[in-house]
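**Q** fold the following for me, if possible:
(chains A and B)
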Amino acid sequence: ETGVTQSPTHLIKTRGQQVTLRCSSQSGHNTVSWYQQALGQGPQFIFQYYREEENGRGNFPPRFSGLQFPNYSSELNVNALELDDSALYLCASSRQESYYEQYFGPGTRLTVT
Amino acid sequence: DQQVKQNSPSLSVQEGRISILNCDYTNSMFDYFLWYKKYPAEGPTFLISISSIKDKNEDGRFTVFLNKSAKHLSLHIVPSQPGDSAVYFCAARGLQGAQKLVFGQGTRLTINP
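**A** This next block holds a predicted model:
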């Protein structure tokens, strides 16, 4: 059974740029959630995707957007990057009927300069 | 608004003794709680969970206790082993339809030989 994978591992961007982060779900999972983890904090929910549609969103501005593909993989896009967007971005997959039992990938470390 | 709080940033315990990690929450509508463990450079991994209709759930060396009246849960690890050294997050299932997990800030547990 393949676990959740994320790419890239690390990324450095400049303020104002755009970034795309990628996630592959664990086999058998149809739901993907994205979280932002700032240094010293717990993960903060960004949004969840199910059946290729957004299925719940946290307190993040519209410049954070996402996609889910038919194979359940997902992308997180962030436009107009700000310095405060520097964080670890975690993707988690689950089955919709038990979405709270989430399996996390290793994360993408984004640094905005 | 921090709905799930872990007030101890770190905890140091002797190998073989009991580790007790604590978590408080403010929203009485949370009905399911989880503990995750996180090693450096890895995503959080699910450890144990408890429904709000129970006050205790046990899995091997790990036991979670829930005190609904105090809005408090704790994770007991006994006996503690060096491999238990990690950051532990408690999380609560979001309100109906919210489709998210709400995480605490985490507690770094160090097991000393």
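**Q** stretch B:51-69 - what's its average pLDDT?
**A** When pLDDT is averaged along stretch B:51-69, the result is 96.
**Q** next, the distance between the ends of it.
**A** 14 Å (C-alpha to C-alpha, to the nearest Å).
**Q** and if you look at stretch A:14-29?
**A** Calculated as C-alpha to C-alpha, the first-to-last residue distance of stretch A:14-29 is 34 Å.
**Q** from the chain's centroid, how far away is that stretch?
**A** How far stretch A:14-29 lies from its chain's middle: 6 Å, per C-alpha atoms, centre = their mean, to the nearest Å.
**Q** anything in the helix-or-strand element of chain A with minimal mean pLDDT near chain B?
**A** Of all helical and strand segments in chain A, the minimum by mean pLDDT, DSSP states H and E falls on strand A:53-57, at a mean of 90. Yes: using C-beta under 8 Å from any C-beta of the partner chain, strand A:53-57 reaches chain B at A:55, A:56. Every C-beta, even on glycine, is put in place using the N, C-alpha and C of the backbone.
**Q** so what strands line up beside that strand?
**A** strand A:44-50 (antiparallel) (DSSP bridges).
**Q** helix/strand/coil for residue B:42?
**A** Of the three states, residue B:42 takes coil under DSSP: H, G, I helix; E, B strand; the rest coil.
**Q** ok, it touching residue A:106?
**A** Yes: using C-beta atoms under 8 Å, residue B:42 is in contact with residue A:106, at 5.4 Å.
**Q** hmm, back to that, helix or strand next in line after the least confident helix or strand of chain A, which one?
**A** Proceeding N to C from strand A:53-57, the next assigned helix or strand is strand A:64-68, under DSSP states H and E.
**Q** count the neighbours of residue B:105 for me.
**A** Using other C-beta atoms under 10 Å in any protein chain shown, residue B:105 has 19 neighbouring residues.
**Q** higher neighbour count, residue B:42 and residue A:106?
**A** Neighbours per residue (other C-beta under 10 Å) separate residue B:42 from residue A:106, with residue A:106 holding more: 17 against 13.
**Q** and that one, what element?
**A** Per DSSP H and E: nothing holds residue A:106, as it lies in no helix or strand.
**Q** hang on, isn't it packed against residue A:6?
**A** Yes: the pair residue A:106 / residue A:6 is scored as a contact, 6.1 Å apart, by C-beta under 8 Å.
**Q** skip the chain neighbours and tell me the closest residue to residue 83.
**A** Answering for chain A, as no chain was given. residue A:112 (5.3 Å; C-beta to C-beta, 6 or more residues apart in numbering or on different chains).
**Q** to clarify, I was referring to chain B.
**A** Closest to residue B:83 by C-beta to C-beta, 6+ apart is residue B:111, at 7.9 Å.
**Q** contacting residues around that neighbour?
**A** Listed by C-beta atoms under 8 Å, 6 or more residues apart in numbering or on different chains, the contact set of residue B:111 reads B:13, B:14, B:15, B:19, B:80, B:81, B:82, B:83, B:84, B:85.
**Q** cutoff 6 Å now
**A** B:13, B:15, B:80, B:82, B:84, B:85 (C-beta atoms under 6 Å, 6 or more residues apart in numbering or on different chains).
**Q** return the per-residue confidence for it.
**A** Reading off the model, residue B:111 has pLDDT 98.
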